[in-house]
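Asks: Please work out how this folds:
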Amino acid sequence: MLTTMFFKRDKTITRERHEHCISRANIDPDALKVLYRLANTGHIAFLVGGSVRDLLLGRQPKDFDIGTDARPNDIRRLFRNCFLIGRRFRLAHIVFGRKVIETSTFRRQPDESESENGIYQTEDNTFGTPEEDAKRRDFTVNGLFYDIKTFSVIDYVGGLKDLEKKVLRCIGDPNIRFREDPVRMMRAVKFAARLDFTLDRACRKALLKHHADILNASVPRVCEEVFRLFTYNSSSAAFKLMWEFKLLQDVLPEVSAFIDRSGGKNSPLWKYLNALDKDPQNADLSNGVRMASLFYPLFLEQLRREEAAYPNSRINRQHVARTTLHPIAEYLRVPKATLFTAVALMDVHRRFSESPKKSRGHRFLYHPAFPEAIAFQRIVLTAEGEDVSVLNEWQALYDQEVARDIPAPSEEGQVDVEADQPRDAEPLEAPRRRRRRRKPRPFDRANAPESSGQNGEPRAVTVTEVRTEEPPRTDGCD
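Replies: A predicted model of the protein is given here:
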């Protein structure tokens, strides 16, 4: 069957606590709560995936995933804050505030007879053992498990050896695994760039052979992976690998064509991505800033073309930006908020062209998009080697305005709530006690006061007119 056809038997390696560097102090406390509760109720509970890899490399993981032999409904019974998601395979999301600990049941690779559409994987609902779950994963460095009971690292696929050699190797035959899920090709590029690892020979050959299969992948998944290439200050290396392995010409053909005609490895596009990676606020930048940084060289090329065609006219930069970005955004189904942000940022340079001391456009300081605008302008000026002194003046003025709006702490060290309200807000008052609404009494005609005369006729009402004497007028108008 398919499972035994391309999985090579690797000897299981177990490293005890004194043989590795993972400490529970570096694991999220909420993830430890989930691990302990599963273990204390008799289930196998492992920390799995990229979190084990990052901890062994001395990095701080972004999230913590857990694998267990407990079925999804059993997990939900153990945790009140658990929500089950997914149709192909039920995943448990255990929620702690805004944090989600993803917990999944061990599963195995589907057999060949379970997939009706050929080699592309459509079924993923088969539970399995920890070893089968490890061999179902994409790369060896992502197939490592941390056992919370023994504090040991378990390796079923040879990932520890590849971590030491800094090699990214596919679990099984990459020709099959990449065709089974084409997005794995983009993940291979992402991890190689992020971890500064080398792709093994089999992966490189499979990428060059099957790169066009990425067109068979789900477009939203491809779009999500494109934006993940920007993370961890590795966008320049990631997109360079995408271009070298011809994945870029399938996913972003306009960008690939621009690189080819503008010098290849010497293309100016790499300067903007390098500046983006070196930006100190890279982790907090929105996808709109990242998209604008990637496509800014293409925008400049189109802008110069328009200026050459219409030398005596003023070119609408936002129109040029829309012309450049719209076809790509429509193909990749980029969210509209991301697209509109990128279009607006490409016309932001004129706002920072002169010092704030001379400029009258101080209202832009209070615009919600100002932090993104100044961050993008800094990336552009850094890439082009321009002076950033004027930009620093704008940044200092913005920081001064932000500091002025921050409420001062009270004597007890707490922030005054009223100071954070807008100037025209109504004063905060203690909530008034709501009056109890009494039930209307039923009308009793027998005990009602007499309001009528004899024979049921209404009693007469006497009106007496009271006249007051007016003082004599002295204006001669009597």
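Asks: Now do stretch 303-312: distance to the chain's middle.
Replies: Here the centre of stretch 303-312 is set off from its chain's centre by 38 Å, with Cα atoms, centre = their mean, to the nearest Å.
Asks: Average pLDDT for that stretch, rounded please.
Replies: In this model, stretch 303-312 has an average pLDDT of 91.
Asks: Which pLDDT does the model give Ser256?
Replies: For Ser256, the model assigns a pLDDT of 96.
Asks: Helix or strand: which one has it?
Replies: Under the criterion of DSSP states H and E, Ser256 resides in helix 253-261.
Asks: List the contacts of that helix.
Replies: 239, 243, 246, 248-249, 267, 269, 294-295, 297-298, 301, 327-328 (Cβ atoms under 8 Å, 6 or more residues apart in numbering). No exception for glycine: its C-beta is placed from N, CA and C like everyone else's.
Asks: now for those, which pair is the farthest apart?
Replies: By the measure Cβ to Cβ, Lys246 and Glu301 form the most distant pair in these, at 21.9 Å.
Asks: Now for the residue nearest to Leu168 when sequence neighbours are not counted: which residues touch it?
Replies: Leaving aside its sequence neighbours, Leu168 sits nearest to Phe197 (Cβ to Cβ, 6 or more residues apart in numbering; 4.5 Å). Counting by Cβ under 8 Å, 6+ apart, Phe197 touches Val141, Lys166, Val167, Leu168, Phe191.
Asks: partners of the third one in the sheet?
Replies: Right, Val167. Beta bridges link Val167 to Thr198, judged by DSSP bridges.
Asks: isn't it right next to Cys203, touching?
Replies: No. Using Cβ atoms under 8 Å, Val167 is not in contact with Cys203; the gap is 9.3 Å.
Asks: Which of those two has more residues huddled nearby?
Replies: The residue with more neighbours, out of Val167 and Cys203, is Cys203; 25 against 18, by other Cβ atoms under 10 Å.
Asks: so how far is Arg169 from that one?
Replies: 7 Å (Cβ to Cβ, to the nearest Å).
Asks: pLDDT below threshold where in the stretch 301-450 of the chain?
Replies: The stretch 301-450 of the chain contains residues with pLDDT under 70 at 359-361, 406-450.
Asks: repeat that for 50
Replies: Along the stretch 301-450 of the chain, the parts satisfying pLDDT under 50 run over 410-413, 415-430.
Asks: Would you map the strands across it?
Replies: Using DSSP state E, counting those that start in this stretch, the stretch 301-450 of the chain contains no strands.
Asks: Now do the lengthiest helix in the chain against helix 253-261, angle only.
Replies: Ranked by number of residues, the top helix in the chain under DSSP state H is helix 287-309. Inter-element angle recorded for helix 287-309 and helix 253-261: 60 degrees (by axes from the mean of the first three to the mean of the last three Cα atoms, to 10 degrees).
Asks: what packs against helix 287-309?
Replies: helix 219-228, helix 235-244, helix 253-261, helix 269-278, helix 317-332, helix 336-345, helix 370-384 (3 or more Cβ pairs under 8 Å, 6 or more residues apart in numbering; DSSP states H and E).
Asks: any idea how far that helix is from the chain center?
Replies: 25 Å.
Asks: who's in contact with it?
Replies: By Cβ under 8 Å, 6+ apart, helix 287-309 touches 227, 230, 235, 239, 254-255, 258, 262, 267-269, 272-273, 275-276, 315, 317, 320-321, 323-325, 328, 334-335, 337-342, 345-346, 372, 375-376, 379-380.
Asks: Taking those, please make a ChimeraX selection of just the buried ones.
Replies: Buried subset of the contacts of helix 287-309, written as a ChimeraX selection, criterion 16 or more other Cβ atoms under 10 Å:
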select :227,230,235,239,254,255,258,267,268,269,272,273,275,276,317,320,321,324,325,328,334,338,339,341,342,345,346,372,375,376,379,380
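Asks: count of residues packed around Asp213?
Replies: Count around Asp213 with other Cβ under 10 Å applied: 18.
Asks: typed the wrong thing, it's Glu384
Replies: Residues near Glu384, counting by other Cβ under 10 Å: 12.
Asks: which residues touch it?
Replies: Lys271.
Asks: The stretch 51-200 of the chain: strands as residue ranges?
Replies: Using DSSP E, counting those that start in this stretch, strands in the stretch 51-200 of the chain cover 65-68, 82-85, 91-96, 99-105, 144-147, 152-155, 167-168, 198-199.
Asks: so of those, which one's packed in deepest?
Replies: Greatest average neighbour count among the strands of the stretch 51-200 of the chain goes to strand 144-147 (a mean of 25), per mean count of other Cβ atoms under 10 Å.
Asks: now Gly49, nearest residue through space, not along the chain?
Replies: Closest to Gly49 by Cβ to Cβ, 6+ apart is Asp65, at 4.5 Å.
Asks: Tell me who's in contact with that neighbour.
Replies: Leu47, Val48, Gly49, Gly50, Ser51, Ile101, Glu102, Thr103, Ser104 are the contacts of Asp65 under Cβ under 8 Å, 6+ apart.
Asks: same deal with Gln318?
Replies: Val343, Ala344, Met346, Asp347.
Asks: Can you list phi and psi of the last one for me?
Replies: It refers to Asp347. Here is the backbone geometry of Asp347 (degrees, to the nearest 10): phi -110, psi 20.
Asks: That one and His319 touch, don't they?
Replies: No. In this structure, Asp347 is not within contact of His319 by Cβ under 8 Å, at 9.5 Å.
Asks: Just want to know which of the two has more residues nearby.
Replies: The neighbour count for Asp347 versus His319, taken as other Cβ under 10 Å, is higher for Asp347 (16 against 12).
Asks: Pull the contacting residues for the closest residue in space to the more buried one that isn't next to it in sequence.
Replies: Of all residues not flanking Asp347 in the chain, Arg317 sits nearest, at 4.3 Å (Cβ to Cβ, 6+ apart). Applying Cβ under 8 Å, 6+ apart to Arg317 gives the contacts Leu303, Met346, Asp347.
Asks: And Arg317, how far from Gln302?
Replies: 10 Å.
Asks: same deal with Glu384?
Replies: 17 Å.
Asks: do Gly264 as well
Replies: 20 Å.
Asks: of the two, who's got more company?
Replies: For Gly264 versus Gln302, the count of surrounding residues by other Cβ under 10 Å is larger for Gln302: 16 against 11.
Asks: quick one on the thing from earlier: out of the contacts of helix 253-261, which one sits closest to Asn175?
Replies: Lys246 (15.9 Å).
Asks: which residues does the closest one contact?
Replies: Neighbours of Lys246 in contact, by Cβ under 8 Å, 6+ apart: Leu208, His211, Ser256.
Asks: Same question for Thr324.
Replies: Taking Cβ under 8 Å, 6+ apart, one finds Phe295, Leu298, Phe299, Gln302 in contact with Thr324.
Asks: among those, who's most crowded?
Replies: Phe295 (25 neighbours).
Asks: Kindly provide the distance from that one to Tyr272.
Replies: 9 Å.
Asks: Please apply the same query to Gln400.
Replies: On the measure of Cβ to Cβ, Gln400 and Tyr272 end up 29 Å apart.
Asks: Right, I'll leave it there.
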